[in-house]
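Enquirer: take this sequence and fold it.
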Amino acid sequence: MNDLFLMHTHYLPMPLLQSANIVGAIIVPDFYADMNQYYWNKPVGYSNIFSYLSDIIIELPPNIVWHYSIENINMVQKKEWLPLLKGTKINSIQLFHSKDNPYYSYNNGLSAHGRELLSALSENHFILDLSHVNDKHLYGICKLYDGIISISHCGCSELYRER
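Expert: Sure thing, here's the model as predicted:
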């Protein structure tokens, strides 16, 4: 089997670890006890990113290069926390997942706090993940962000329009 690098995964299934050559992964932490029970057999919930990072929930073979991507921006809570997260395994932060937040609204786009967040993310060298962002806002945000951008998955609404 080919070498696999998983771009956005919440866990690594044991059968895949045993049968494929996984060389790396971007893991999205879950903060809810039921999901951590399901994924990692550890029924622990977390209130913020620091409580998650202080626990050792993920145990992977040493040959796998892995990092975190924060999908739930609310777990970061304050842009002032970003410098404290440098040097951790977090390298990517998603602006929006499924609910509006202080930085981005699906219908209205980036807020003033969102513009400040983009600046802080860039200053601290985080990858901005624009997955799930409304496609009508993507290009404008890309023009504003002075750093690396990733989009691991999106809705691509143009594909769904009737022709």
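
Enquirer: would you mark the buried spots in the helix or strand of the chain with the lowest mean pLDDT?
Expert: Lowest mean confidence among the helices and strands of the chain (mean pLDDT, DSSP states H and E): helix 14-19, at a mean of 82. Judged by neighbour count (16 or more other Cβ atoms under 10 Å), helix 14-19 contains no buried residues. Backbone N, C-alpha and C define where each C-beta goes, glycine included.

Enquirer: what is the burial count for residue 145?
Expert: 19 (other Cβ atoms under 10 Å).

Enquirer: so residue 3 bridges to which residues?
Expert: Residue 3 has the following beta-bridge partners by DSSP bridges: residue 21.

Enquirer: which strand or helix spans residue 44?
Expert: Using DSSP states H and E, residue 44 sits within no helix or strand.

Enquirer: same question for residue 141.
Expert: Take DSSP H and E as the rule and residue 141 turns out to sit in helix 135-144.

Enquirer: check residue 152 too.
Expert: Counting by DSSP H and E, residue 152 is part of no helix or strand.
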